[in-house]
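Enquirer: model this:
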Amino acid sequence: MYCLHARRAVTASALLVLAGCGILPGTTPIKADAPRSSYVPQDAVLEVTEPMTVPRGRASLHFQEGQMDVTGTTMGDLPYCELFLRIPQVTERVINPGILEIDEVNDTSRQIAASSTIYGGVARGYELFQTEMVMHPRDGSGLRSLRCMVRRYEDDKKRYLTVGEIRQTLGNSLLLTLPSEQTDAAE
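Expert: Numbering: from 1, shown residues only. So this is what the prediction gives:
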């Protein structure tokens, strides 16, 4: 992010002070009221490193603590990611290794209110921070997006997942590579 330094302009009736910040090309816009984003740039790539099977009737694969879980259950308050297909599968489908270009990155957050549980207790409220990476696969794999999320409570530092945390959540089946790392690998 870059910021303009304050500039003063004097008019006949008032003093005008101009100042502001903008987004450098290739970075994700940040909402004015949102904490710092994950800084996943739009020209990053996602690499499928090993074949992954999407079960019949499912439209996503779930990742947590570096492991893929086809059931889609989340464990506690740990970060998790979901890899979505464009269309739910009627039959089992294998996603083969390949490179996926990330076309768009969106950071969003939403408040989840406290609620009562089936056991009579109260589940405390939290804020869900999500980074969604929308992809345009050239290999016809049918993959649509990768969403990485984390719950943050009032006493937590409210922020999006870092690139390192996303990588740790995904494990070795999916590798997120930033543009600077792509350049280094090509040399």
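
Enquirer: Let me know the secondary structure of residue 118.
Expert: The assignment at residue 118 comes out as coil when based on DSSP: H, G, I helix; E, B strand; the rest coil.

Enquirer: Can I take it that residue 104 is in a strand?
Expert: Yes - secondary structure assignment places residue 104 in a strand (three-state DSSP).

Enquirer: OK, contacts around it?
Expert: Applying Cβ atoms under 8 Å, 6 or more residues apart in numbering to residue 104 gives the contacts 42, 133-134. (Each C-beta comes from the backbone N, C-alpha and C, glycine too.)

Enquirer: Which residue would you name as the spatial centre of this protein?
Expert: With distances taken as Cα atoms, centre = their mean, residue 131 lies nearest the centre of the chain, 2.2 Å away.

Enquirer: about what we covered before: can you pick the most crowded of the contacts of residue 104?
Expert: Among the contacts of residue 104, residue 133 has the most neighbours (other Cβ atoms under 10 Å), with 25 neighbours.

Enquirer: Touching the helix or strand where that one lies from outside, list them.
Expert: For residue 133, the enclosing helix or strand under DSSP states H and E is strand 126-135. Contacts with strand 126-135, where a contact means Cβ under 8 Å, 6+ apart, come from 35, 37-38, 40, 44, 46, 77, 100-112, 143-153, 158-161, 166.

Enquirer: for the protein, which spans come out with low pLDDT?
Expert: Along the chain, the model assigns pLDDT under 70 to residues 1-38, 70-72, 74, 116-117, 137-140, 183-187.

Enquirer: quick one, helices of it?
Expert: Remark: helices assigned in the chain by DSSP state H are 163-170, 179-186.

Enquirer: taking these together, which one is wrapped up most tightly?
Expert: Among the helices of the chain, helix 163-170 has the highest mean neighbour count (mean count of other Cβ atoms under 10 Å), at a mean of 18.

Enquirer: Report the angle between it and strand 126-135.
Expert: 90 degrees (axes from the mean of the first three to the mean of the last three Cα atoms, to 10 degrees).

Enquirer: got the contact list for helix 163-170?
Expert: For helix 163-170, contacts defined as Cβ under 8 Å, 6+ apart pick out 38-40, 63-66, 78-81, 131, 148, 150, 161, 175-176, 178.
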